[in-house]
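Undergrad: Structural data only, the sequence is not supplied:
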């Protein structure tokens with residue numbers, strides 16, 4: 001019986017180790033795609049057991065990543081799909097850099113996300129409709145990029161049915177605006193947008 005208990009404990013630890021390693025691998029995949037002239041990612045060592053000792057990364061009690069804080073860090077390069085593997089991530093704060101390319105649809109997997117701050121970068125392309133899956137999201141700030149197309153209906157629904165408090169999509173190349181109304185289900189939502197033709 002004792003050997004069975006030890007086996008179960010070792011198996012559980014192995015699963016936890018694998019999860020932590022996968023998160024470290026995901027963040028390292030992002031690191032190697034970025035230009036980092038200020039060496040802010042110098043502590044991101046993929047040989048460590050997990051990324052919880054890395055600067056700008058916060059973890060919970062289970063050593064799972066909950067925050068990435070890299071605002072105004074001088075980074076350039078893309079957001080990578082591997083970020084969608086950070087299952088317990090609540091805050092992705094990467095504003096004020098020179099990040100470019102598209103917003104990966106894989107970010108729609110981050111269902112625990114509370115704040116997605118990608119503002120003041122050089123992101124382009126459309127806003128992925130799958131971001132509407134982020135029902136815990138309270139702050140979605142995408143302003144000051146080069147995003148184009150229309151704001152997906154799924155994100156507008158976060159205003160009506162989610163917990164969204166701030167939606168800022170101003171200073172982009174979007175085709176229209178959200179029709180602001182007092183009849184939304186979540187009345188405290190603040191929508192910041194460009195004054196263009198309504199959908």
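TA: Alright, I've got the coordinates. Every value quoted in this text rests on a predicted model; they were computed, and no experiment measured them.
Undergrad: can we go C-alpha only for contacts and neighbour counts from here?
TA: Noted.
Undergrad: Share the number of residues neighbouring residue 73, please.
TA: Neighbour count for residue 73, taken as other C-alpha atoms under 10 Å: 18.
Undergrad: Any regions of this protein where pLDDT drops low?
TA: 1-20, 177-189, 195-199 (pLDDT under 70).
Undergrad: State the three-state secondary structure for the spatially most central residue of the chain.
TA: The geometric centre of the chain, computed from its C-alpha atoms, lies nearest to residue 92 (C-alpha atoms, centre = their mean), at 4.3 Å. Following DSSP: H, G, I helix; E, B strand; the rest coil, residue 92 is assigned to strand.
Undergrad: could you list every residue that touches it?
TA: 67-69, 113, 115-117 (C-alpha atoms under 8 Å, 6 or more residues apart in numbering).
Undergrad: For these, work out which two are farthest apart.
TA: 69 and 113 (13.4 Å; C-alpha to C-alpha).
Undergrad: returning to that earlier point: buried only: go through the contacts of residue 92 for me.
TA: 67-69, 113, 115-117 (16 or more other C-alpha atoms under 10 Å).
Undergrad: Make a markdown table from those and add distance to residue 32 and secondary structure to it.
TA: A markdown table is the format used below for these (distance: C-alpha to C-alpha, whole Å; DSSP: H, G, I helix; E, B strand; the rest coil):
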| residue | distance to residue 32 | secondary structure |
| --- | --- | --- |
| 67 | 19 | strand |
| 68 | 16 | strand |
| 69 | 17 | strand |
| 113 | 24 | coil |
| 115 | 24 | strand |
| 116 | 22 | strand |
| 117 | 21 | strand |
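Undergrad: export the residues you listed to a markdown table and tack on distance to residue 83?
TA: Conversion of the buried ones among the contacts of residue 92 to a markdown table gives the following (distance: C-alpha to C-alpha, whole Å):
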| residue | distance to residue 83 |
| --- | --- |
| 67 | 12 |
| 68 | 10 |
| 69 | 13 |
| 113 | 12 |
| 115 | 14 |
| 116 | 12 |
| 117 | 14 |
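Undergrad: Name the nearest of those residues relative to residue 152.
TA: residue 116 (16.1 Å).
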